[in-house]
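Novice: Sequence unavailable; structure follows:
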């Protein structure tokens, strides 16, 4: 990592502790290659968890193979690729170029042809009006400012085909969770 910029990491680490009144993650540089490469191995879940999440989404949304799924902040593509292997047409959007590259390579290695990965901020991305389900998981909604989140939800409300399902996994910013969440971003063993 020859272009590592410690100042960008220090800027994040020196922020105030996350509280219910201070939970804007807009200054985290997801789109920067160095940061994206460093966070990519950490922002994942086990294969078993991925399968359980996909099973849950299928069950509660009553979606079936052949349907179109939108994965906002798709990260390393784990859920996008899981759904594609199940027969869904999937579009993953992430603003981390390293995440998009990793997702494309993984899809190619697994011979997955029904997953497309787009490098973009989801708020600015051109999203078609043909999705049966959209997901924003792993606490990714916290990476959008309040205004961005409103704009994104508005955009998604027109991109989902009725009945259309939107799954959002939110971070619970209680005192107990806040400490753990803060650690995930800033501890020496993680970031």
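Specialist: The structure has been received and is ready for your questions. All values reported here derive from a predicted model rather than from experimental measurement. Numbering: from 1, shown residues only.

Novice: The lengthiest strand in the chain pairs with which strands, parallel or anti?
Specialist: Of all segments of type strand in the chain, defined using DSSP state E, the longest is strand 160-168. The partner list of strand 160-168 in its sheet, established with DSSP bridges, is strand 131-136 (parallel).

Novice: Give me the contact list for the partner strand.
Specialist: Applying CB atoms under 8 Å, 6 or more residues apart in numbering, the contact partners of strand 131-136 are 57, 61, 63, 67-73, 79, 91, 122, 152, 156, 159-161, 164-169. Any C-beta I mention is one placed from the backbone N, CA and C, and that applies to glycine too.

Novice: What's the ChimeraX line that selects buried ones from those residues?
Specialist: With 16 or more other CB atoms under 10 Å as the criterion, this ChimeraX line picks the buried residues out of those:
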select :57,61,63,67,68,69,70,71,72,73,79,91,122,152,156,159,160,165,166,167
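
Novice: before we move on, the earlier item: mean confidence score for the longest strand of the chain?
Specialist: When pLDDT is averaged along strand 160-168, the result is 91.

Novice: With stretch 85-100 instead?
Specialist: On average, stretch 85-100 scores 93.

Novice: Could you do stretch 141-155 as well?
Specialist: Rounded mean pLDDT across stretch 141-155 is 84.

Novice: buried stuff in that stretch?
Specialist: Judged by neighbour count (16+ other CB under 10 Å), stretch 141-155 contains these buried residues: 141-144, 148-149, 152, 155.

Novice: and those, which of them are in helices?
Specialist: 148-149, 152, 155 (DSSP state H).

Novice: Output the residues you listed as CSV; include the columns distance to residue 52.
Specialist: Formatted as CSV, those follow (distance: CB to CB, whole Å):
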residue, distance to residue 52
148, 29
149, 26
152, 26
155, 28
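
Novice: Turn the buried residues of stretch 141-155 into a markdown table, including distance to residue 87.
Specialist: Shown next, in a markdown table, are the buried residues of stretch 141-155 (distance: CB to CB, whole Å):
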| residue | distance to residue 87 |
| --- | --- |
| 141 | 27 |
| 142 | 31 |
| 143 | 29 |
| 144 | 30 |
| 148 | 32 |
| 149 | 31 |
| 152 | 27 |
| 155 | 26 |
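
Novice: so which pair among these is furthest apart in space?
Specialist: Maximum pairwise distance among the buried residues of stretch 141-155 (CB to CB): 18.0 Å, between 142 and 155.

Novice: Packing partners of the helix or strand encompassing residue 50?
Specialist: Assigned by DSSP states H and E, residue 50 belongs to helix 47-61. Helix 47-61 sits against helix 78-85, strand 131-136, strand 160-168, with contacts defined as 3 or more CB pairs under 8 Å, 6 or more residues apart in numbering; DSSP states H and E.

Novice: Could you give me the buried positions within that helix?
Specialist: 50, 53-54, 57-58, 61.

Novice: C-terminal to it, what's the next element?
Specialist: With DSSP H and E setting the assignment, the helix or strand that follows helix 47-61 is strand 68-72.
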